[in-house]
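Colleague: A predicted structure for the sequence below; I have some questions about it.
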Amino acid sequence: MPTNEEMRRASGQAMVNNRRAIGQSMEDQRRAGGQAMIAQRTGTAVAADINRLTQPQQSRKTLKPVPSVGALPASQGRGVYKPPAATGTGGIASPLVELTTVGNGVTVPDRDYWPGGLLSSDGLFVLPSIKTLNLIDANNAEVQIQLAAPAGS
């Protein structure tokens with residue numbers, strides 16, 4: 001059985017430990033209150049609350065890495081050279097110049113017209129409508145432009 005002195009010393013030590021625990025608890029509460037005030041002023045708690053309410057974004061899956069194959073080894077060419085055609089069938093060379101013909105001693109453009117022509121919107125006039133336009137390009141190749149019949153003919 002402990003003596004009165006040992007019991008008194010044990011009681012005093014228990015009170016010291018209890019006071020230290022209370023002091024530590026109060027210090028922790030003050031620090032937590034300070035952190036809460038900082039979070040409230042900066043709005044981090046509000047942002048966290050809003051983010052908690054929204055749907056989480058789906059994480060994007062990354063592509064699987066493809067191993068590099070390295071440089072191609074040196075080899076001889078496999079293509080066959082084919083020179084361009086000498087006939088000039090690469091298209092129309094500009095400028096295009098309209099051909100002319102001489103009729104009754106007068107030089108006129110080389111054109112054909114639709115027989116019905118184009119009726120004006122008020123129906124009073126019939127305007128000539130080109131059917132075929134004959135041109136020549138810079139390589140002296142003939143170019144013929146054929147136009148569709150106008151809607152009012």
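Modeller: Nice, thanks for sending it over.

Colleague: can we go C-alpha only for contacts and neighbour counts from here?
Modeller: Noted.

Colleague: how far does the helix or strand of the chain with the lowest mean pLDDT sit from the chain's center?
Modeller: None of the helices or strands of the chain scores lower by mean pLDDT, DSSP states H and E than helix 44-53, at a mean of 80. Offset of helix 44-53 from its chain centre (CA atoms, centre = their mean, to the nearest Å): 32 Å.

Colleague: I'd like the next helix or strand past it.
Modeller: strand 97-98 (DSSP states H and E).

Colleague: show me how far whichever helix or strand comes after that following strand is from its chain's centre.
Modeller: Remark: after strand 97-98, the chain's next helix or strand is strand 100-103, criterion DSSP H and E. How far strand 100-103 lies from its chain's middle: 56 Å, per CA atoms, centre = their mean.

Colleague: CA atoms only for strand 100-103, dumped as PDB, please.
Modeller: Output of strand 100-103 as PDB, limited to C-alpha atoms (Å, rounded to 0.1, in the frame of the first residue of the first chain):
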ATOM      1  CA  THR A 100     -12.500  35.900-134.100                       C
ATOM      2  CA  THR A 101     -13.900  35.200-137.600                       C
ATOM      3  CA  VAL A 102     -14.500  37.500-140.600                       C
ATOM      4  CA  GLY A 103     -18.100  37.600-141.800                       C
END
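
Colleague: that one packs against which elements?
Modeller: Under the contact definition 3 or more CA pairs under 8 Å, 6 or more residues apart in numbering; DSSP states H and E, strand 100-103 sits against strand 106-109.

Colleague: got the buried residues for the least confident helix or strand of the chain?
Modeller: Neighbour counts using 16 or more other CA atoms under 10 Å place no residue of helix 44-53 among the buried ones.

Colleague: please name the bridge partners of Q146.
Modeller: Here Q146 sits in beta bridges with T132, going by DSSP bridges.

Colleague: model confidence for it, exactly?
Modeller: Q146 is assigned 93 on the pLDDT scale.

Colleague: right, I'll leave it there.
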